[in-house]
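Student: Provided below are the primary sequence and the corresponding predicted coordinates.
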Amino acid sequence: MNALSQICQRFSVDVNNTLVIGDGENDICSLKNAGVGIAFCPNNIQVEAAADFVVKEPDFREVIALL
């Protein structure tokens, strides 16, 4: 069980109602399982492939446009 699943279970939140932002290999599982996964300035192509959206500019205003 990954961290996202544990948090969702603890707070009674459906995983489909989550958003995860990550940049590294350690985020791949959460990016894949979240309702929406955003790779933010990812450090490899596997992270990009796991996400629903990719933001390549280091500007969180780009994330707002995806919400």
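Tutor: Sure, I can see it. As the structure is a computational prediction, the values presented were derived from the model and not from experiment. Numbering: from 1, shown residues only.

Student: settle this for me: residue 8 is touching residue 14, isn't it.
Tutor: Yes: with contact defined as Cβ atoms under 8 Å, residue 8 reaches residue 14; the gap is 6.9 Å. Quick note: C-beta positions are derived from backbone N, CA and C, even for glycine.

Student: can you give me the strands for this protein?
Tutor: For the chain, the strands defined by DSSP state E cover 19-22, 36-40, 53-55.

Student: what lines up beside the second one in the sheet?
Tutor: Strand 36-40 has its sheet partners listed here by DSSP bridges as strand 19-22 (parallel), strand 53-55 (parallel).

Student: of the ones you listed, which is nearest residue 61?
Tutor: Residue 61 sits nearest to strand 53-55 of all the strands paired with strand 36-40, at 9.6 Å, using Cβ to Cβ.

Student: what about the longest helix in the protein?
Tutor: The helix spanning the most residues in the chain, taking DSSP state H as the definition, is helix 3-11.

Student: average pLDDT for it?
Tutor: Mean pLDDT, computed over helix 3-11, is 94.

Student: likewise for stretch 24-40?
Tutor: 96.

Student: any idea how far it is from the middle of the chain?
Tutor: In terms of Cα atoms, centre = their mean, to the nearest Å, the centre of stretch 24-40 is found 3 Å from the chain centre.

Student: most tightly packed of the strands of the chain?
Tutor: Mean neighbour count (mean count of other Cβ atoms under 10 Å) peaks for strand 36-40 among the strands of the chain, with a mean of 22.

Student: circling back to that earlier point, now tabulate the strands paired with strand 36-40 in CSV and tack on distance to residue 62.
Tutor: CSV is the format used below for those (distance: least, Cβ to Cβ, whole Å):
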stretch, distance to residue 62
strand 19-22, 11
strand 53-55, 5
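
Student: name the residues that touch the longest helix of the chain?
Tutor: The contact list for helix 3-11, computed with Cβ atoms under 8 Å, 6 or more residues apart in numbering, reads 13, 14, 15, 18, 20, 29, 30, 33, 34.
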